[in-house]
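Visitor: let me see the structure of the following:
(2 chains, ligands or ions: 2)
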Amino acid sequence: MRYAYYPGCSLSSSGIEFHLSFQYVARALGIELVEVKDWVCCGASSAHATSHLLSIALPVLNLSHAEKEGFDRLIAPCLACLSRFKAANVEMKSNDPLRKKIHELFDYPYQGKVRVYHPLEVFLELGLDQIRARVKKKLKGLRVACYYGCVLTRPPKIAQFDDVENPQSMDSIIQALGGETIDWSYKTECCGVSMTLTFSDIVLKLSNEILREAKEGGASAIIVCCPLCQANLDGRQRQIEETYHARYGLPILYITQIMGLSFGAYPKEVGLEKLITSPKEVLGPLGLM
Amino acid sequence: MMNIVLSRDTLNLVHQLQRMTGENVMLCYQCKKCTLGCPSAYRMRMKPHELMRAIQLGQEEEIYWSGTIWICLSCETCNTRCPQGINILRVIDGLRERSKEVNYYNPYPVIPAFHRIFLSLVERFGRIYELGLAVLINLRMLSPFKDMDMAYPMFIRGKMKPLPHRSQGVKELQQVMERIRKLEESKLEN
Ligand code: SF4
Ligand code: SF4
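Guide: Ligands and ions are numbered 1, 2, ... in the order given. Next comes the predicted model:
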């Protein structure tokens, strides 16, 4: 299956290992990714806090590029981008005056034909059997917490994916790879990343709660599916430990990294060396790296 | 004790927001579900359900003074759980958008400043240049070395680029942003 691929700003820099590992897994599963031509930033949370029109226009600009190239499916791995793209599609379908305004802004009138997916949605559509069939190394003995972040499933009217309060998609993939997942109540709690450069105290508090709950639940790593969650939980972990006098040492891995390792990738191929909290202590003894 | 005078104008804000966002704040019956699930309510002077009541009562000045709209993390929990189906975040976004037009005190000017810096970088390069964004916002907050301990490990792993990357699509983007600006300015003049 061919997909337009919108990496977004994070996957080109702080989330580079998500990009690398997703490419690896996509290749293994026969998912063809074609980067959207001349893509630009989707505006993330700054556009919708500034102008509703702008917050729809920026995703539409990218969607129309994909549509012009003949794609009807687009993958956006960053949750901030994903939710903006999905919201734009819903608005373009249901809000007539807004659609008219948007069409006046562009030379090409976007027809709303491009459906937007997160990598997890694509994996689940392919089916767990396809994933099981690729496994070379089972995740035996690995016990993780799957953290889904804020807007993968919210609001359900727009996200239309997985259970809104207790999602299972990543859990089911980890289990298909032979690993174990913990049940915990912080799967979709917000990590606060939108304030990361401004009011970091909020971010430290919220992220601390997520790390603490995962640790207390008996997880030895957290699995994520968004570059912003990852940058926050991994990049700020040292600061959080200092602020809250705790010791977590939890590696924060992308779902695609752990899938790649289980499919037989070398650590470098899925960018493991890019992680700040090294997963060596956890994955080494299991023969995964 | 604050005095609230109800008059014909009390509902102006409700109507304006409904025109902007399509959301009817009058549907709120103060069940507090939004506040109970809100991750940043602990840091808000006016909690989400209080914000909804304040809108119903037309308490604009109090709303902007509280700064609540800038403390909201846009996590969409309140929308998802509101039994009345109100898209609370959309209402908050409406208030944020309106803040450019009204002149009330804002206790947290750094947040709209962040959005302005973010969007100006997007307009310049077509993509976000993380290091530039961090440096500019740190300067704005007068704390140039904030989070150096976090940036360094990312830098040596090649996760933070020293220089911005310009998208080929930036011309088209600038054109669209310019058109939006014109449209919104003409709306303000009318
Ligand atoms: S959840 Fe909805 S109805 Fe309940 S207080 Fe909040 S806005 Fe009002
Ligand atoms: S969207 Fe804002 S107000 Fe609503 S729950 Fe999240 S942080 Fe609170």
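
Visitor: which residue packs closest to A:Leu54, ignoring adjacent ones?
Guide: A:Ala47 (4.7 Å; Cβ to Cβ, 6 or more residues apart in numbering or on different chains). For every residue, glycine as well, the C-beta is placed using N, CA and C.

Visitor: where does B:Asn138 land in three-state SS?
Guide: Using DSSP: H, G, I helix; E, B strand; the rest coil, the structure places B:Asn138 in helix.

Visitor: identify the residues contacting it.
Guide: A:197, B:144-147 (Cβ atoms under 8 Å, 6 or more residues apart in numbering or on different chains).

Visitor: which SS class is B:Phe145?
Guide: The local conformation at B:Phe145, judged by three-state DSSP, is coil.

Visitor: quick one, what contacts it?
Guide: B:Phe145 sits next to B:Asn138 when contact means Cβ under 8 Å, 6+ apart.

Visitor: and it, what pLDDT?
Guide: If you check B:Phe145, the pLDDT there is 77.

Visitor: and if you look at the one 3 residues further on?
Guide: B:Met148 carries a pLDDT value of 79.

Visitor: ok, it - how many residues close by?
Guide: B:Met148: 11 surrounding residues under other Cβ atoms under 10 Å in any protein chain shown.

Visitor: phi, psi of it?
Guide: As for B:Met148, its main-chain torsions (degrees, to the nearest 10) stand at phi -60, psi -40.

Visitor: returning to what we had before: what number of residues lie near the residue nearest to A:Leu54?
Guide: Under the neighbour criterion other Cβ under 10 Å, A:Ala47 is assigned a count of 25.

Visitor: and it, what pLDDT?
Guide: pLDDT, A:Ala47: 96.

Visitor: I figured it was touching A:Leu61, is that so?
Guide: No. A:Ala47 is beyond contact range of A:Leu61, at 11.2 Å (criterion: Cβ atoms under 8 Å).

Visitor: could you pull out the strands in chain A for me?
Guide: Under the criterion DSSP state E, chain A carries strands at the ranges A:2-5, A:32-35, A:73-75, A:115-117, A:143-146, A:180-181, A:221-224, A:252-254.

Visitor: packing partners of the third one?
Guide: The contact analysis (3 or more Cβ pairs under 8 Å, 6 or more residues apart in numbering or on different chains; DSSP states H and E) places strand A:73-75 against strand A:2-5, strand A:115-117.

Visitor: what does it contact?
Guide: Here strand A:73-75 makes contact (Cβ under 8 Å, 6+ apart) with A:1-6, A:33, A:36, A:63, A:66, A:85, A:114-119, A:122.

Visitor: for B:Phe155, give me its contacts.
Guide: Taking Cβ under 8 Å, 6+ apart, we find B:Phe155 in contact with B:Pro162.

Visitor: want to try TSV for the strands of chain A, with mean neighbour count and mean pLDDT as columns?
Guide: Formatted as TSV, the strands of chain A follow (neighbours: other Cβ atoms under 10 Å in any protein chain shown; pLDDT from 0 to 100):
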stretch	mean neighbour count	mean pLDDT
strand A:2-5	21	97
strand A:32-35	13	98
strand A:73-75	21	98
strand A:115-117	20	98
strand A:143-146	24	98
strand A:180-181	18	98
strand A:221-224	26	98
strand A:252-254	27	98
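
Visitor: what would those look like in a markdown table with distance to B:Phe114?
Guide: Converted to a markdown table, these look like this (distance: least, Cβ to Cβ, whole Å):
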| stretch | distance to B:Phe114 |
| --- | --- |
| strand A:2-5 | 28 |
| strand A:32-35 | 28 |
| strand A:73-75 | 28 |
| strand A:115-117 | 26 |
| strand A:143-146 | 30 |
| strand A:180-181 | 36 |
| strand A:221-224 | 24 |
| strand A:252-254 | 24 |
